[in-house]
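Engineer: I would like the atomic coordinates for the input below:
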Amino acid sequence: MVNVTINGKPIAVEKGTTILDAATANGIMIPTLCFLKDINEIGACRICVVEIEGMERLAAACNNTVEEGMVIYTNSPKVMASRKSTLELILSEHEYSCATCTRCGNCRLQALAEEFGLSTDIYKKKVRKIKWNRDFPLIRDNEKCIKCMRCIQVCNKVQALGIWDVCGTGARTTVDVKGGLPIDQADCAVCGQCITHCPVGALHERDDKNKLYSALADPDTVKIVQVAPAVRAAWGEELGLAPEDATMEKMGEALRQIGFDYVFDTNFSADLTIMEEGSEFLHRLSDKAHYTFPMFTSCCPGWVRFIRTQYPDMVPQLSTAKSPQQMFGAVVKSYLAEKLGKDPKDIYSVSVMPCIAKKAEAAYENMGSEERGQDVDLVLTTRELIKLIKAANINVAALEDKPLDDPLCDGTGAAVIFGTTGGVMEAALRSAYYLATGKNPDPDAFRAVRGYHKGWNEAAFDIEGTTVRCAVASGLANTKSLLEALRKGEVAYDFVEIMACPGGCAGGGGQPIHPYEAFETRGEHLRQLDVANPIRFSHENPQVQTLYKEYLTAPLGDMAHHLLHTDHEGWKLK
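Structural biologist: Down below sits the predicted model:
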C-alpha cells in the first residue's frame with residue numbers, strides 16, 4: 001500500500017494506482033475529457049491535471065501513479081487556471097453551435113465549459129471542416145473533433161478495425177479515416193462504438209427524422225413501425241422512466257401519438273428467426289459432410305459487414321437467415337399487406353433499432369424485391385426515437401399501457417434476450433432441442449452461454465446423444481481472436497453467435513450515451529423480461545405458428561426461403 005494525501009485527506013491505496021483512480025475511490029472527483037478506463041489513458045486533453053507538492057509542472061491524473069508521501073491538490077488555483085485555459089484553447093478549434101448539435105445536453109465539453117463559465121471567445125476561433133459523405137449511416141463532423149483519440153482507441157482495441165487514425169501535423173493535426181479513404185470505401189462495420197464513446201458531437205448517426213416526418217405527412221401510405229428487443233431496455237433512460245415503467249406498451253402509445261398507424265414488436269420476428277435459423281442449424285448438423293462448421297449467426301449487420309471485409313472466405317458459414325429487422329419488414333410487405341388489403345408499396349415500414357449498422361442493412365439491394373420494394377424503408381436509432389418523443393412533447397410517464405397491434409405483436413422470452421450477448425444462442429438452443437427431440441428443455445438449461453466475456457464464452461450441450469459445441473463473442477476484437485483460433489485449429493465449434501457491440505445490442509451504437517458502460521444493466525433487464533414471460537420458447541409463439549399455418553407453410557420451405565433468407569454476398573459494401 002502507498003500513503004498519499006489528496007486535498008488534505010490521508011489515503012492509502014495499492015501501489016501502481018493512478019491518481020485518478022485513487023481520488024475517485026475516495027469520493028474526490030477529477031474532471032476528464034479524453035479518458036476511457038483501460039482504453040484511452042494518454043493524458044491528451046490535460047483536463048485531469050493536478051498539482052503535486054514539490055513539482056513545478058502539473059501532472060495528468062489519468063496516467064500518473066501515486067507514490068509514497070505524495071501530497072496532491074485536485075482543485076488548487078493553479079489547477080483551475082490551467083483547466084480553464086485548456087478549455088478555452090479547445091473551444092477555439094471547436095464549432096460549438098450547441099443548440100443544433102446532436103449531443104446538446106449530453107456533451108462533456110459543453111458541461112465543462114458551463115462549469116467554468118466560458119460563454120465568450122477568448123481566442124480567435126479556427127475551425128477546419130473535412131468533406132464527408134452525408135448519406136453514410138455514420139457521420140463525422142471534423143469541426144467538432146477535440147482530438148481526444150477516443151474513437152481511434154475504441155476502434156483499435158475494442159473493435160480491432162483501425163478505421164480511424166491521426167492525420168496531419170502541427171496545427172493541422174486531426175483525426176480522419178486511416179489512409180485518407182472515404183468512409184464508404186473503408187472497412188467500417190458501422191457498429192457505432194466510436195459514436196457512443198465520443199465525448200462531444202463529432203461523431204453521430206445520420207439523422208433520418210426529417211424523412212420520417214415527410215412519410216408521416218403522406219395520407220396515402222400506411223405507417224408501420226417495429227421496435228427491437230434492446231430498445232425497451234434503454235428508451236426510458238433519458239425520459240425519466242425506471243426500467244420497470246419503460247414498457248413496450250407505453251412506447252407503443254408514444255409512437256401512435258407521433259403518427260404511426262400500427263406499432264409492432266420485433267420480438268415477433270426474433271422468434272421467427274429462431275425457427276428458421278434453428279431449423280437451418282439442425283439441417284447442417286445432419287449433413288456435416290456438405291457444410292463447413294461452425295455455423296455463424298447472421299442477425300447482427302455489423303458482424304456481417306466485419307466478416308465480409310475481414311474474413312470473406314468464412315462468409316458461407318453464416319446462416320442464410322435475414323436479421324429479425326429484415327424478416328419483419330418482409331412479412332409486413334407480404335403477409336400483412338394481404339391482410340390489410342394494401343399494395344406493399346403503399347406501406348411505409350420503419351424500425352427502431354439500438355444500432356446504426358441497421359441503417360446500412362435496410363438499404364442493401366438484396367433486402368427487398370421489385371414487387372415489395374425494400375423490406376424496411378427507414379431505420380431510427382433509440383436516440384432518434386427519444387428525440388422524436390421529446391419534440392412531440394409527450395409526457396411518457398402519463399401514457400397508458402395499451403396493447404400493441406395484432407397480428408405481429410407477440411414475442412416470447414426467448415425473443416427478448418436477442419438484445420443481450422448469448423441471447424440468440426440460448427434462444428436457438430431452446431428451440432433446436434425441441435425440434436430435435438419433440439420436447440422442451442428447461443428454459444434455463446443453456447445459461448452457460450450468457451454474459452459478456454473478455455475473449456469469448458464457450459459451452460457444450462447434449463441434444464439426444466449429439467454434443468453441440470457452442471461459442472459466443474461480442475465486440476469485434478473478441479470476434480477476431482475467436483476467428484483466428486478457429487483458423488489455426490485451436491478450437492472447434494458447431495454453432496457460434498457473434499454480436500459486433502460489446503454486450504450485444506444492449507450496448508449498441510444507437511443506444512443512449514452515458515459516461516459509463518450500460519450494457520450489463522440493460523442486458524439484465526432483458527433477462528428479467530425473459531423470466532417473466534409466460535412463454536419462453538420461440539416455437540410456442542402463437543402468432544408465429546399462425547404465420548406458418550396461413551402463409552409460410554414450414555421453416556425452410558419455399559415461401560420462407562424466398563422471404564426470410566438471403567445471400568450475404570448479394571450486396572455491395574458501401
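
Engineer: how close does residue 24 sit to residue 549?
Structural biologist: Spatial separation of residue 24 from residue 549 under the definition Cβ to Cβ, to the nearest Å is 58 Å. In this view, the C-beta of every residue, glycine as well, is placed from N, C-alpha and C.

Engineer: Please identify which of those two sits among more neighbours.
Structural biologist: Set side by side, residue 24 and residue 549 give different neighbour counts by other Cβ atoms under 10 Å, the larger being at residue 24 (15 against 10).

Engineer: Could you list the buried residues of stretch 535-549?
Structural biologist: 535-541, 543-544, 547-548 (16 or more other Cβ atoms under 10 Å).

Engineer: What of stretch 307-321?
Structural biologist: Using 16+ other Cβ under 10 Å, the residues of stretch 307-321 that count as buried are 307-308, 310-311, 314, 317-321.

Engineer: Next: stretch 52-69.
Structural biologist: Neighbour-count burial for stretch 52-69, counted by 16+ other Cβ under 10 Å, picks out 52, 58-66.

Engineer: surely residue 279 meets residue 552?
Structural biologist: No: here residue 279 does not reach residue 552: they are 11.6 Å apart, not a contact under Cβ atoms under 8 Å.

Engineer: So these two - more neighbours on which side?
Structural biologist: The neighbour count for residue 279 versus residue 552, taken as other Cβ under 10 Å, is higher for residue 552 (24 against 21).

Engineer: hmm, which helix or strand of this structure has the shakiest average pLDDT?
Structural biologist: Ranked by mean pLDDT, DSSP states H and E, the weakest helix or strand in the chain is strand 368-369, scoring a mean of 92.

Engineer: List the contacts of the helix or strand following it.
Structural biologist: Going down the chain from strand 368-369, the next helix or strand is strand 373-374, by DSSP states H and E. By Cβ atoms under 8 Å, 6 or more residues apart in numbering, the list of residues contacting strand 373-374 from outside reads 329, 333, 344-345, 349, 362-363, 367-368.

Engineer: so what strands line up beside strand 373-374?
Structural biologist: Next to strand 373-374 in the sheet, as set by DSSP bridges, lie strand 368-369 (antiparallel).

Engineer: Now do the strands in the stretch 1-150 of the chain.
Structural biologist: In the stretch 1-150 of the chain, strands defined by DSSP state E, counting those that start in this stretch lie at 2-6, 9-13, 49-52, 59-60, 71-73, 138-140, listed in chain order.

Engineer: can you point me to the longest helix in the protein?
Structural biologist: Longest helix in the chain by number of residues (criterion: DSSP state H): helix 267-286.

Engineer: Double-check residue 321 against residue 564; I have them as touching.
Structural biologist: Yes: under the criterion of Cβ under 8 Å, residue 321 is in contact with residue 564, at a separation of 6.4 Å.

Engineer: Mind listing the shared neighbours of these two?
Structural biologist: Applying Cβ under 8 Å, 6+ apart, one finds that residue 321 and residue 564 are jointly contacted by 273, 276, 327.

Engineer: Next up, the contacts around the last one.
Structural biologist: By Cβ under 8 Å, 6+ apart, the contact list for residue 327 reads 269, 272-273, 276, 321, 563-564.

Engineer: how much space is there between it and residue 465?
Structural biologist: Applying Cβ to Cβ, the value for residue 327 to residue 465 is 32 Å.

Engineer: Over to residue 343?
Structural biologist: Relative to residue 465, residue 343 is positioned 51 Å away (criterion: Cβ to Cβ).

Engineer: ditto for residue 549
Structural biologist: Counting by Cβ to Cβ - residue 549 and residue 465 are separated by 31 Å.
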